[in-house]
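> the sequence and its predicted three-dimensional model are supplied below.
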Amino acid sequence: MSKRKPDGYLDGQPLHPESLMMGYGYRPELSQGAVKCPIFQTSTFVFERAEEGKAFFELAYGLRKQGPNEEMGLIYSRLNNPDLEILEDRLTLWDEAEASAVFASGMAAISTTMLTFLRPGDVVLHSEPVYGGTDYLLKHILPMFGVRAIGFPAGAGEDEIAAILGRAEAVGRLGMIFVETPGNPTNALVDIEACARLARAHSAERRVVLAIDNTFLGPLWQQPLRHGADLVLYSATKYIGGHSDVIAGVCLGASELIGQVKGFRTILGTMAAPNTAFLLMRSLETLKLRMTCQMKNARYVADFLADHPKVARVHYLGHLREDDPQHAIYRRQCSGPGAMISFEVVGGEAEAFRLLNALHLIKLAVSLGSTESLAEHPASMTHADVDPEERMELGITPAMVRVSVGVEHPEDIIADLRQALERV
């Protein structure tokens, strides 16, 4: 067994997450001295004795309580795998979570989590806008299982959300509040603490779980658990992976809740593969370096766009005015503006397409959070399956372009945008 969860201290002082990413949970001496955790590319694991196999399965399926010094043994890679377990230990550090579960994609994490806690007749109250895949799950898939989805606009005040929640409870039991903040692609913020208060106030008969999709800001610039969230979700494809070479998802929170999520993950088979875990452990070592560089670059890019005559509006958290109600939320729950920028060109879809088609350094592609800068057209790409009228109401206009700022030199990113804007 190559896994061990260390105490995270050195000479009595707690180590920082960026230091712990180099070896937390891993013992090289148990893997032939390999400095990096090997890929445990195996489907099954050998038991030393039949009694050991029985004990492992009892714990895996909750047939008895785990002993005080008892460790869950390895059984089968759909249940557990050394790479996944070490990765899950490290992922808890930035968000200060008790436990985490890794999935084959961000949508696997979201869908498995929702199926864990929602039941027929339930209502899920959710912020809008959300990622297009999540929007489709909420509005087209969950209703097939008797779950209603009711949205509220990102940026709404607590009273407005409470009023919508009251109408939601008229059609079913509130089972979950699902929030994506900042919202994709508008960067609109949702007050996590307000949603936490509402979730607690409606948890009399059954716990209402507050789940936050934190993909846009990542674990560096926002920690939702500190503000009352029960669960934090990521598309680990994005900043956590950060190299456009892996698809994965993560759910973090209290051990009791993550245990339930992992139970569903085992049966649904939505776990990540060992090679995926290996790549994510590689990426975690440079997470702070990459995200810090991207955030700094984004400030320069956003300032350039805000001053350009062919840009009608810029959606960037670093530009929030102090008199904007969103500014107070930003100061309270965010530690940085991140590297996501949406802006609207003067004109419409045709002008946005001209800009996108003229880019050279910036790649015309969906996804975000990678080392390379990426640009896309939300209305016709990532949010194409959102109802057209809803898209306009949510501010996802035909003129909007979304840019994920990478680690290139900021002057080069700006130069590419400048020459592309000349075509608009």
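Nice, I can see it.
> could you list the domains of the protein?
82-284, 288-421 (automatic domain parsing).
> could you list the low-pLDDT ranges of the protein?
Residue ranges of the chain with pLDDT under 70: 1-7.
> can I get the domains of the chain in CSV with mean neighbour count?
The C-beta positions use only the backbone N, C-alpha and C, and glycine is treated the same way. Output for these, formatted as CSV (neighbours: other CB atoms under 10 Å):
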stretch, mean neighbour count
domain 82-284, 21
domain 288-421, 19
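> which one of those domains lies nearest to Leu15?
With respect to Leu15, and counting by CB to CB, the nearest of the domains of the chain is domain 82-284 at 9.3 Å.
> the helices in the stretch 201-350 of the chain, which residues?
218-221, 255-268, 274-284, 287-306, 325-333, 349-358 (DSSP state H, counting those that start in this stretch).
> for Gln32, find the nearest of those.
It's helix 274-284; of those, that one is closest to Gln32 (CB to CB) at 15.9 Å.
> quick one: residues in contact with the closest one.
21, 36-37, 39-42, 77, 81-84, 86-87, 90-91, 102, 104, 236, 240-243, 245-248, 272 (CB atoms under 8 Å, 6 or more residues apart in numbering).
> run the last query once more with 6 Å
Contacts to helix 274-284, defined as CB atoms under 6 Å, 6 or more residues apart in numbering, come from residues 21, 39-41, 81, 83-84, 87, 90, 236, 241-242, 246, 248.
> next, the angle from that helix to helix 287-306.
Here helix 274-284 runs at an angle of 70 degrees relative to helix 287-306 (axes from the mean of the first three to the mean of the last three CA atoms, to 10 degrees).
> indicate which one of the domains of the chain is closest to Phe47.
Nearest to Phe47, of these and by CB to CB, is domain 82-284 at 15.5 Å.
> returning to what we had before: redo the contacts of helix 274-284 as CSV? Include distance to Ala254.
Shown next, in CSV, are these (distance: CB to CB, whole Å):
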residue, distance to Ala254
Met21, 22
Ile39, 30
Phe40, 27
Gln41, 31
Asn81, 23
Asp83, 23
Leu84, 19
Leu87, 19
Arg90, 18
Ala236, 20
Gly241, 25
Gly242, 27
Val246, 27
Ala248, 21
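> which one of the residues you listed is nearest Arg331?
Out of the contacts of helix 274-284, the member with the shortest distance to Arg331 (by CB to CB) is Gly242, at 26.6 Å.
> circling back: switch the helices of the stretch 201-350 of the chain over to CSV; also include distance to Glu393.
Compiled in CSV, those are given as follows (distance: least, CB to CB, whole Å):
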stretch, distance to Glu393
helix 218-221, 27
helix 255-268, 32
helix 274-284, 36
helix 287-306, 24
helix 325-333, 18
helix 349-358, 17
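> closest to Phe145 out of these?
Closest among the helices of the stretch 201-350 of the chain, using CB to CB: helix 255-268, at 13.3 Å.
> just the C-alpha atoms of the closest one, please, in CSV.
Provided in CSV are the C-alpha atoms of helix 255-268 (Å, rounded to 0.1, in the frame of the first residue of the first chain):
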residue,chain,number,x,y,z
SER,A,255,-16.8,13.0,5.3
GLU,A,256,-20.4,12.0,6.0
LEU,A,257,-21.7,13.7,2.9
ILE,A,258,-18.8,12.5,0.7
GLY,A,259,-19.3,9.0,1.9
GLN,A,260,-22.8,9.1,0.5
VAL,A,261,-21.6,10.5,-2.8
LYS,A,262,-18.9,7.8,-3.0
GLY,A,263,-21.6,5.2,-2.4
PHE,A,264,-23.5,6.4,-5.5
ARG,A,265,-20.2,6.8,-7.4
THR,A,266,-19.4,3.1,-6.8
ILE,A,267,-22.7,1.9,-8.2
LEU,A,268,-22.9,4.4,-11.1
